[in-house]
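Engineer: Here's my sequence, what's the structure:
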Amino acid sequence: MALNEEPASGAAKLGDEGDGDDGIGGYVLIVFAVFFFVSAFALLLFFLLRGATTAEGAISSNPSKGANDDLAASGNDTTTTNIISSGNGSFTLSLSLVGGDASVDTISMPSPTTVVPKSGAFLAEEDNSLGEARRMAREEPQENQLLEKELDPQGEDTVVKFENTNMQVSELVDSSILGKYSTWKKQNDNKNQDPIIRLMRDQIIMARIYLSISKKKKKVDLSEELQNCIKRSRRVLGEANIDAELHNSAPQKIKAMAGVLSKARDQLFDCKLVIKKLRAMLLTEEEKVRRLKMKNTFLTQLGVKGIPGGIRCLSLRLTVDYYLLPPEKRNFPRSENLQNPKFHHYALFTDNVVAAAVVVNSTVMNAKDSSKHVFHLVTDNLNFGALKMWFLLNPPKEATIHVENLDELKWLNSSYCPVLRQLNSEAMREYYFKEEQSTTSSSSASSLKYRNPKYLSMLNHLRFYLPQIYPELDKILFLDDDVVVQKDLSGLWLVDLEGKVNGAVETCVENFHRFDKYLNFSNHYIARDFDPNACGWAYGMNIFDLKEWKKRNLTGVYHTWQNLNEDRLLWKLGTLPPGLMTFYGLTYSLDKSWHVLGLGYNPSINPLEIENAAVIHYNGNMKPWMEMAMTKYRPYWRKYIDFNHPYLRQCHFIK
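Structural biologist: The predicted structure follows:
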């Protein structure tokens, strides 16, 4: 027991020897020691966790040299790309003009250590982004009012449906339109596009984005600055297509815009918001392009249907003067040549006086002996006097001219001619004149194309009755009124057709312009009798053997097919499809230099082909007598018109 009590007494002794505060001081030391231990443990745990996080993101927190090289390579010839690293693990991509002081635009990108969400979360974020883009598109009142009805998300089905619709719309837009204005594209569809114009357009796009954001955030002063810069840049751009056409103030405008964009970026930039705005702009522009294409189709077809005022004026003046002539002066000379098969006979069916004049003039001027050529013209009652008066006033050298009135061909009536009966039917009148019920773009375009008055004109179908109109002739050369003859055509009457009826230039190239393009091969009549890969040929310059035609009764064959197509199930309206069927296996292929087509729609025809062609054909919508004609092809046609002629001057024909 003494041993046990000894320490206690010692302790008591020590306590007794000290003053009263020593007990409290010992307690404080213990508490401080515990607090220090806990703090040290917490600090150690913090460093351990920080080290683990740093180890995971060590690769991602600094962009590799390869990534920097790829970003640097994305600039074009007139821009420099700078990558500025910052201490917080993020970097900045800056595009600047070479030699310029101001930064064009800077995009701050967050650190790549951001956690990538799971696929479900990512898709949900994309859906929300699309919804925001659609909301922004609705808030653009001046850009696309049509989207206001379509862009209101009412649920998941609506979102998916609209996404699918936009995918279809995107297919209608040329990639050259969608990819044309992006400075940040590594590969551009037009590598030779002038870089300053492209840069200014990119600046305008970014300014429009910031302008929209600034209005939402009520940054009035910044909005005004952006609006002014956009107006100035657009004024400098004007109609310029190359850098050389830009005003000399363009560099100053670029620098001024860059300064405002930099200011807007500092105040407004939000990567997600910018992306949503770009997406909304893209949807809007795609819809605008689609609507413009439809409008262009409509206006083109409307222009094709119209008759230029000068031609109407000419026809009226000539008609009045013709009927003022005494009857004995209304006849053409050399009428004895009309039935002589030894001459070279031409058939031309038209209601256009100027077009007929060019065809006849060009043929006669390039003929070696004009006295051997006989022209048979057929027109409607409205233009009969005008056409006769023109050639009475302007006889084509020693060639023979004959003009007939379609209405005087009494045998050509609805009981004999199927197309006349069909044109007078209730179904056909409803097709042509009833308001279109369908509003889809494809059906509207098809309706516009095939509702052309030329399909209603019997002059267009008269080519199937050549043996009936000219029973005494053995051969005849058919010419459309939109052709120009550049060489002597006498050699066509010497071509051996090898027992075939129609001599024509074939138009098929690889898989184009073959029978399946013109005929409905889902119809059993078509599939049974024709080869879908058979080569198509061109109407417009055709040499016909009328003897062989009559022997094979090809007009009867044409009637058979025309009767079967009363509901337009075998082919759409027109004369080429029934021509392909009527002369199937009976067409002789002429050398392509006889007939070059496409001057009414194809801007890239080889000039040497045009120069070497015996006949050039303005098939397509852009006829040479219309304002929409392609400028570079007009001289071939206009060289055969005397613009100093009194009638043309009175009707204001301008060369």
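
Engineer: all contacts plus neighbour counts: C-alpha atoms, from now on.
Structural biologist: Fine.

Engineer: where are the low-confidence patches of the stretch 101-250 of the chain?
Structural biologist: 101-193 (pLDDT under 70).

Engineer: Try it again at 90.
Structural biologist: Along the stretch 101-250 of the chain, segments meeting pLDDT under 90 span 101-225, 227, 232-250.

Engineer: is it true that residue 570 lies in a strand?
Structural biologist: No - with DSSP: H, G, I helix; E, B strand; the rest coil as the criterion, residue 570 is assigned coil and is not in a strand.

Engineer: now it, nearest residue through space, not along the chain?
Structural biologist: The spatially closest residue to residue 570, leaving aside those adjacent along the chain, is residue 520, at 5.2 Å (CA to CA, 6 or more residues apart in numbering).

Engineer: Can you verify my assumption that that neighbour contacts residue 577?
Structural biologist: No - contact criterion CA atoms under 8 Å: residue 520 and residue 577 do not qualify, at 10.0 Å.

Engineer: where do the contact lists of those two overlap?
Structural biologist: Residues touching both residue 520 and residue 577 (CA atoms under 8 Å, 6 or more residues apart in numbering) are residue 571.

Engineer: The protein: strands as residue ranges?
Structural biologist: 79-85, 91-97, 103-109, 344-349, 373-379, 400-405, 475-479, 483-485, 502-504, 541-545, 587-589, 595-596, 615-617 (DSSP state E).

Engineer: what does the shortest one contact?
Structural biologist: Outside strand 595-596, the residues that touch it by CA under 8 Å, 6+ apart are 505, 541, 609-610, 613-617.

Engineer: Which one of those residues is nearest to residue 532?
Structural biologist: The closest of these to residue 532 turns out to be residue 505 (CA to CA; 18.5 Å).

Engineer: Do you have the helices of the stretch 501-650 of the chain handy? List them.
Structural biologist: With DSSP state H, counting those that start in this stretch, the ranges of helices along the stretch 501-650 of the chain come out as 515-518, 524-529, 546-552, 554-564, 576-582, 607-612, 634-638, 646-650.

Engineer: how about the helices of the stretch 201-350 of the chain, start to end?
Structural biologist: Using DSSP H, counting those that start in this stretch, helices in the stretch 201-350 of the chain cover 220-237, 250-268, 271-305, 309-324.

Engineer: Need the winner for burial among those helices.
Structural biologist: helix 250-268 (a mean of 19; mean count of other CA atoms under 10 Å).

Engineer: which helices and strands sit right next to it?
Structural biologist: strand 103-109, helix 195-216, helix 220-237 (3 or more CA pairs under 8 Å, 6 or more residues apart in numbering; DSSP states H and E).

Engineer: Tell me which of those lies nearest to residue 537.
Structural biologist: Across the helices and strands packed on helix 250-268, closest to residue 537 is helix 195-216 (CA to CA), at 44.1 Å.

Engineer: mean confidence score for stretch 591-607?
Structural biologist: The average pLDDT within stretch 591-607 is 94.

Engineer: nope, stretch 459-472 is what I was after
Structural biologist: The model assigns stretch 459-472 a mean pLDDT of 95.

Engineer: Over to stretch 372-389?
Structural biologist: Stretch 372-389 comes out at a mean pLDDT of 96.

Engineer: Contacts made by it with the rest, please.
Structural biologist: Contact with stretch 372-389 is made by 314-323, 330, 337-338, 343-353, 360, 364, 399-407, 459, as judged by CA under 8 Å, 6+ apart.

Engineer: what's the answer for stretch 483-493, then?
Structural biologist: Contacts of stretch 483-493 (CA under 8 Å, 6+ apart): 344, 358-359, 362-363, 366-368, 475, 540, 543, 613-618, 636-637.

Engineer: What subset of the residues you listed is buried?
Structural biologist: Buried residues within the contacts of stretch 483-493, defined by neighbour count using 16 or more other CA atoms under 10 Å: 344, 358-359, 362-363, 367, 475, 540, 543, 613-618, 636-637.

Engineer: Could you pull out the buried residues of stretch 514-530?
Structural biologist: 514-516, 518-521, 526, 530.

Engineer: Next, format those as CSV and append pLDDT and distance to residue 220.
Structural biologist: Shown next, in CSV, are the buried residues of stretch 514-530 (pLDDT from 0 to 100; distance: CA to CA, whole Å):
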residue, pLDDT, distance to residue 220
514, 93, 62
515, 94, 64
516, 92, 61
518, 93, 60
519, 94, 62
520, 94, 62
521, 95, 64
526, 95, 68
530, 96, 71
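
Engineer: ok, so of those, who is nearest residue 642?
Structural biologist: Once CA to CA is applied, the member of these that ends up nearest residue 642 is residue 518, at 38.9 Å.

Engineer: Which one of the helices of the stretch 201-350 of the chain has the poorest average confidence?
Structural biologist: Among the helices of the stretch 201-350 of the chain, helix 271-305 scores lowest, with a mean of 79.

Engineer: Taking helix 195-216 as reference, get the angle to that helix.
Structural biologist: Here helix 271-305 runs at an angle of 120 degrees relative to helix 195-216 (axes from the mean of the first three to the mean of the last three CA atoms, to 10 degrees).

Engineer: Return the list of helices and strands in contact with helix 271-305.
Structural biologist: helix 119-138, helix 156-172, helix 195-216, helix 441-450.

Engineer: Let's see that with 10 Å instead.
Structural biologist: strand 103-109, helix 119-138, helix 147-150, helix 156-172, helix 175-178, helix 195-216, helix 441-450 (3 or more CA pairs under 10 Å, 6 or more residues apart in numbering; DSSP states H and E).

Engineer: before we move on, back to that, which pair in the contacts of strand 595-596 spans the largest distance?
Structural biologist: Maximum distance among the contacts of strand 595-596 (CA to CA): 16.3 Å, for 541 and 609.

Engineer: okay, the two: which has more neighbours?
Structural biologist: residue 541 (23 against 15; other CA atoms under 10 Å).

Engineer: Residue 617 is in contact with that one, correct?
Structural biologist: Yes - the criterion here is CA atoms under 10 Å, and residue 541 meets it with residue 617 at 8.6 Å.
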